[in-house]
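Enquirer: what follows is a predicted protein model with its sequence.
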Amino acid sequence: MRRLRRATEDPALRPPAGSFLRSFVHAAAGVVRVWRSERNFRVQLACGWAVLSLAWLQGLPAARVAVLAAAAAAVLAAETMNAALEVAVDLAHPDRHPLAGAAKDLAAGAVLLAAAGAALASAAVFWPLWREPALLMAAARARPVAGWLILAGLAASAGQILLPLGGRRPC
């Protein structure tokens, strides 16, 4: 009876040496690509920057900052997956097709849900701040650098929103 070989035992299926580090290079190239090609990614990154700067300004506990960072990362990951799906759909079906449009809409819906979840998490974390604006002012006086970081994030968000839209192929 023949023994079944595992994939790692087959030299043809074994990853080449050094491919682990190379995978990080490819992943970084993907992040650079989504940064360059997706305006929404840049807006979402700027919003995440503003929210995390506000958390720093408030001196929030690490657990709350971690919730905000995870929510921001989830939105950015969803946007990256949305961009990947759009590229794959465009490659598979370059012409307009209702199912191609549906796939793109579903992926965009996932981003919208992630962004809504991040907004709800942010609202829950910052609720005392919005109820007591004096807390924000006191924190801004205590940490002026954080106030400037928040303004920089908001200005970057506004700049990305006001830039002209990039050309996207229709579904």
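Expert: On my side now, so go ahead.
Enquirer: the spatially closest residue to E38 that is not a sequence neighbour and Q44, how far apart?
Expert: Of all residues beyond its chain neighbours, the one nearest E38 is A83 (5.2 Å), with distances taken as Cβ to Cβ, 6 or more residues apart in numbering. To be clear about C-beta, it is placed using only N, CA and C from the backbone, and glycine gets the same treatment. Relative to Q44, A83 is positioned 12 Å away (Cβ to Cβ, to the nearest Å).
Enquirer: more crowded one of those two?
Expert: Neighbours around A83 and Q44, counted as other Cβ atoms under 10 Å, are more numerous at Q44. The numbers are 22 against 19.
Enquirer: just checking, the more buried one touches V75?
Expert: Yes: counting by Cβ atoms under 8 Å, Q44 touches V75, with 5.2 Å between them.
Enquirer: mind checking pLDDT for the residue minimising distance to the centre of the chain?
Expert: For the chain, L76 is the residue whose C-alpha lies nearest the centre (Cα atoms, centre = their mean; 0.8 Å). According to the predicted model, the pLDDT of L76 comes to 97.
Enquirer: in which helix or strand does it reside?
Expert: For L76, the host element (DSSP states H and E) is helix 62-92.
Enquirer: next: R36.
Expert: When elements are defined using DSSP H and E, R36 is found to belong to helix 19-37.
Enquirer: okay, angle between the helix or strand where L112 lies and helix 62-92 too, please.
Expert: Taking DSSP H and E as the criterion, L112 maps to helix 98-131. In terms of direction (axes from the mean of the first three to the mean of the last three Cα atoms, to 10 degrees), helix 98-131 departs from helix 62-92 by 160 degrees.
Enquirer: return the set of buried residues in helix 98-131.
Expert: Within helix 98-131, the residues scored as buried using 16 or more other Cβ atoms under 10 Å are 100, 103-104, 107-108, 111, 114-115, 118, 121-122, 125-126, 129.
Enquirer: run the chain-centre distance for it.
Expert: From the chain centre to the centre of helix 98-131 is a distance of 11 Å (Cα atoms, centre = their mean, to the nearest Å).
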